[in-house]
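Asker: With the input below, show me the fold.
(one chain, ligands or ions: 1)
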Amino acid sequence: GDVPYQRTDTSDLLSRRREVLGPAPLFYRDPVHFAAGDGVWLFDQDGRRYLDAYNNVQVLGHGNPDVAAAVAGQTRTLTTNTRYLHESVTTLSERLLETMPDELDRVLLVNSGSEANDIAWRLATAATGRDGAIVADHAYHGITESTASLSPKYWSDGTQPAHVETVAPPVRRSSHHWSETTERSEPMIGALDALENRNVGPAAFIFDPLFTSTGIFPPDGEHLTEMTDHVREADGVIIADEVQSGFGRTASNTWGFQEADIVPDIVTMGKPMGNGYPVAAVVTRSEILSTLRDGSGIFSTFGGNPVSSAAALTVLDVLEDEQLLEQAGEVGEHLHSGLAKLATEYERIGEIRRSGLMVGVELVSDRETWTPATDEAVEIVNRLRQRRILVGTSGRHDNVLKIRPPLVFENEHADRLLYGLDDVLASLGDDV
Ligand code: PMP
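Answerer: Numbers count the residues shown, from 1 in each chain. This next block holds a predicted model:
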């Protein structure tokens, strides 16, 4: 590309990094040091390519030329504070609302998923006059004070804040996590009761429609709808956190909540929205927005600035022009059938859960005891990295392989991943 790349020694970079960034987390026992990206490929300094089956932010693929041109062009033409009139933020908001149910008619532009959820939470408490929350087990919604308290994944010492209750995800009947003996609304009713017993009123149920951090549980739509109905009966609002599930991840719809018969009161989005350029948003109803203290919305210096708006508009255009949802659906099916075939060979694959190109492969010791195979999952992710294939893990036990590639992933890429996974599964001894 046009950007000069300066080669740096990886171990030197690692120690310099520790000096200034402290223990901030990195992927892999042997961290990867990338120099460039193109489509589904990432390249290290020696030009070795890695297959990216993990990064959803670059939904259109790495180095997308249309986004690069839009960002560069807009940066050269005009960057402003968002208190001046500018075309692209308005067009972007109109375009986003076109993808939403009619009831949702207002947009707030911000810079990160955490910020979007923080504001969503503020809206929910303002609209309801309450401050209780229901979140999914092991969910993650952000780094700010309020969103960290809504994120069981990062509760310090596992301590649950007094205003929050957790629920199990609405698992599908076909799942081994499904329990015939539990009435399916029981967890939500229990959570609402638990809040009430502490004299906390529910402001909101906030959930990622694919329950990604919980371990990737594409929901049973009816079950999820029942859960949200209970929350509404208790006068709480529904917040769909589309940071993971939005922008076509499910392949059948732009938004994850559209997989169920639900119209959320508030929708938040981020990650893939600018294909790597930071931009995020909150979408809600005007009645909810008007409950904020000055009723006028929120001013964010960078939120919806001309450059981030140009990036986000380009993402919406390219998703449509390149029919990436259709492609994601087809490639997702191809990948799923390959994984199902691997599951016939390897008992460690307990369950495959998928929506579009969000795929969870739950690893267990065996299908008798279903003991989470956490060490094996970590080992598989690291061995795939050695074979230059990138995937992650999720779930309470970190035993679910998280496969969440850019939507430009093709069948041949899925085959390469399947081949690598087969190889790695075969290489695992009884000791791991
Ligand atoms: N919500 C969900 C569901 C997420 O996965 C994340 C990030 N992993 C966030 C919110 C926070 O977004 P950000 O990192 O952009 O602040």
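Asker: Which residue ranges of the stretch 251-400 of the chain form strands?
Answerer: Secondary structure of the stretch 251-400 of the chain, counting by DSSP state E, counting those that start in this stretch: strands at 266-269, 280-284, 349-355, 358-363, 389-390, 392-394, 400-403.
Asker: who wins for proximity to Glu145 among these?
Answerer: Across those, Glu145 has its closest neighbour in strand 266-269 (16.6 Å, CB to CB). For every residue, glycine as well, the C-beta is placed using N, CA and C.
Asker: For that closest one, give me every contacting residue.
Answerer: 100, 104, 113, 116-117, 119-120, 123-124, 204, 237-243, 246-247, 255, 257, 280-284, 288 (CB atoms under 8 Å, 6 or more residues apart in numbering).
Asker: List the ones among those residues that fall in helices.
Answerer: Here DSSP state H is the test, and the contacts of strand 266-269 give 113, 116-117, 119-120, 123-124, 288 as lying in helices.
Asker: For Thr8, state which of these is nearest.
Answerer: Gly113 (29.7 Å).
Asker: ok, back up a step: so which of the ones in helices among the contacts of strand 266-269 is the closest to the ligand?
Answerer: Gly113 (2.4 Å; CB to the nearest ligand atom).
Asker: so what's the nearest residue to the closest one once chain neighbours are set aside up against?
Answerer: Take Gly113 and drop its neighbours on the chain: the residue closest to it by CB to CB, 6 or more residues apart in numbering is Gly270, 3.4 Å away. Gly270 makes contact with 112-113, 116, 243, 279-281 under the criterion CB under 8 Å, 6+ apart.
Asker: Kindly report the same for His223.
Answerer: 170-172, 184.
Asker: change it to 7 Å
Answerer: By CB atoms under 7 Å, 6 or more residues apart in numbering, the residues touching His223 are 170, 184.
Asker: And Ala377, by the same measure?
Answerer: Counted by CB under 7 Å, 6+ apart, Ala377 has contacts 363, 393, 398-399, 401.
Asker: what's the closest non-adjacent residue to Gly304?
Answerer: Leu109 is the one closest to Gly304 (CB to CB, 6+ apart), at 2.8 Å.
Asker: angle of the helix or strand containing that neighbour against strand 280-284?
Answerer: Assigned by DSSP states H and E, Leu109 belongs to strand 106-110. Here strand 106-110 points in a direction 160 degrees away from that of strand 280-284 (axes from the mean of the first three to the mean of the last three CA atoms, to 10 degrees).
Asker: What average pLDDT does strand 106-110 get?
Answerer: The average pLDDT within strand 106-110 is 96.
Asker: who does it pair up with?
Answerer: strand 280-284 (antiparallel) (DSSP bridges).
Asker: buried ones in the strand it pairs with?
Answerer: For strand 280-284, burial by neighbour count (16 or more other CB atoms under 10 Å) applies to 280-284.
Asker: want to throw these into TSV with pLDDT and distance to the ligand?
Answerer: Shown next, in TSV, are these (pLDDT from 0 to 100; distance: CB to the nearest ligand atom, whole Å):
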residue	pLDDT	distance to the ligand
Ala280	98	6
Ala281	98	11
Val282	98	12
Val283	98	15
Thr284	97	16
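Asker: As TSV, those with distance to Thr228 would be great.
Answerer: Below are the buried residues of strand 280-284 laid out as TSV (distance: CB to CB, whole Å):
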residue	distance to Thr228
Ala280	23
Ala281	21
Val282	18
Val283	17
Thr284	16
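Asker: out of those residues, which one sits closest to Trp370?
Answerer: Using CB to CB, Ala280 comes nearest to Trp370 of these, at 36.8 Å.
Asker: so that closest one makes contact with Met273?
Answerer: Yes. Taking contacts as CB atoms under 7 Å, Ala280 lies within contact range of Met273: 6.1 Å.
Asker: okay, now the domains of the protein?
Answerer: With domains defined by automatic domain parsing, the chain comprises 10-60+323-427, 66-321.
Asker: State the distance spanning the first to the last residue of the longest one.
Answerer: The separation between the terminal residues of domain 66-321, taken as CA to CA, to the nearest Å, is 12 Å.
Asker: starting at the chain centroid, how far to that domain?
Answerer: When C-alpha coordinates are averaged (CA atoms, centre = their mean, to the nearest Å), domain 66-321 and its chain have centres 10 Å apart.
Asker: Then stretch 317-337?
Answerer: 17 Å.
Asker: Close to the ligand: what parts of the stretch 1-150 of the chain are there?
Answerer: 112-114, 117, 140-143 (CB under 6 Å from any ligand atom).
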